[in-house]
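# generate a structure from the sequence data that follows.
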Amino acid sequence: MDILLYLFLFALLALLAVAAVWVVKGYLNGQSPTAAIFGPRPERRLGVVEQANVDGRRRLILVRRDDVEHLILTGGPVDVVIETGIGDGRRERVSTAEATPSPPIFQRPARSFGQASGGERAAE
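Numbers count the residues shown, from 1 in each chain. Got it, this is the predicted structure:
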């Protein structure tokens, strides 16, 4: 009976030693120790690059998705996408003469001088 107890303790210590080596190896490689079993984590596709407070409620957030950045204004009555398709700032910049302007998001017809802002005036 004593020999079985010693074999069990030896097997338990060997298992703990293997697990410790496995954890230390994963830590030194800079990855999770479970990466050997489950595989490495996929590259992150979404991240917040920068954020700035506009006032007490609203905030500008620069979000990167698949190497494309989007500027979003949040916290007001409606969240607004200000600009989309912003390229990576570290890449070579295109000159302003070669760049094509993006179409405006909101567009309304121009008003002439004296035109009422609330529709047409009623005849007097």
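
# hey, which helix or strand in this protein has the poorest pLDDT?
Taking mean pLDDT, DSSP states H and E as the measure, the helix or strand of the chain with the lowest value is helix 35-38, at a mean of 73.

# other SSEs contacting that helix?
Applying 3 or more C-beta pairs under 8 Å, 6 or more residues apart in numbering; DSSP states H and E, one finds that helix 35-38 contacts helix 2-29. Quick note: C-beta positions are derived from backbone N, CA and C, even for glycine.

# the helix it packs on: which residues count as buried?
The neighbour-count criterion (16 or more other C-beta atoms under 10 Å) identifies no buried residues in helix 2-29.

# which helices and strands sit right next to it?
Helix 2-29 packs on helix 35-38, going by 3+ C-beta pairs under 8 Å, 6+ apart.

# mind doing that once more with 7 Å?
Contacting helix 2-29 under the criterion 3 or more C-beta pairs under 7 Å, 6 or more residues apart in numbering; DSSP states H and E is no other helix or strand.
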